[in-house]
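Engineer: Give the three-dimensional model of this entry:
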Amino acid sequence: MHTTQHGTQQINQTRQLAQQLINQTQQGSQQYRAMLQQEQQNIQMLEQILQREKQAAQYIEQSLLNHELAIQRCQEIVNMCNQMQHELSGIHPNQGFTSNAPYQNQHLYQNQAQYRIPAFTNN
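Structural biologist: Residues are numbered from 1 along each chain as shown. Alright, predicted model coming up:
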């Protein structure tokens with residue numbers, strides 16, 4: 001009978017210990033679920049940030065392309081103005097220009113270099 005009581009006590013203690021382990025494991029699982037949910041929310045937030053950053057990069061890239069086009073167009077205008085001034089000075093040498101007109105034209109082309117704008121490249 002002593003053995004039966006001892007066996008019953010062992011069984012009850014084992015059962016209680018197993019139940020405690022179940023409870024602790026369930027609590028741990030709840031904590032892991034909360035952590036998983038938080039990480040999933042973080043992932044969604046980071047994906048949204050990444051999407052916005054991609055959009056910003058595309059906007060900046062398009063802006064750079066627009067700037068390049070603007071620079072090219074302005075350079076064309078500068079070249080046209082230089083050409084027109086050259087033609088005017090060549091066509092009407094007696095109207096406002098002295099005999100130093102060729103020197104003035106040479107000076108014009110020397111100054112033209114200051115209007116050249118380096119082209120940007122997309123690397």
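
Engineer: drop to CA atoms for contacts and neighbour counts, all remaining ones
Structural biologist: Will do.

Engineer: Where does pLDDT dip in this protein?
Structural biologist: 1, 91-123 (pLDDT under 70).

Engineer: All the helices of it, in order from the start?
Structural biologist: Secondary structure of the chain (DSSP state H): helices at 2-91, 101-112.

Engineer: okay if I get these as TSV plus mean neighbour count?
Structural biologist: Below are the helices of the chain laid out as TSV (neighbours: other Cα atoms under 10 Å):
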stretch	mean neighbour count
helix 2-91	12
helix 101-112	13
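
Engineer: Can you tell me the centre-most residue of the chain?
Structural biologist: Ala57 (3.5 Å; Cα atoms, centre = their mean).

Engineer: How much space separates it from Thr4?
Structural biologist: Ala57 sits 77 Å away from Thr4, taking Cα to Cα, to the nearest Å as the criterion.

Engineer: cool, and Asn79?
Structural biologist: Asn79 is 110 Å from Thr4, where distance means Cα to Cα.

Engineer: Would you quantify the distance from His86 to Met80?
Structural biologist: Going from His86 to Met80 by Cα to Cα gives 10 Å.
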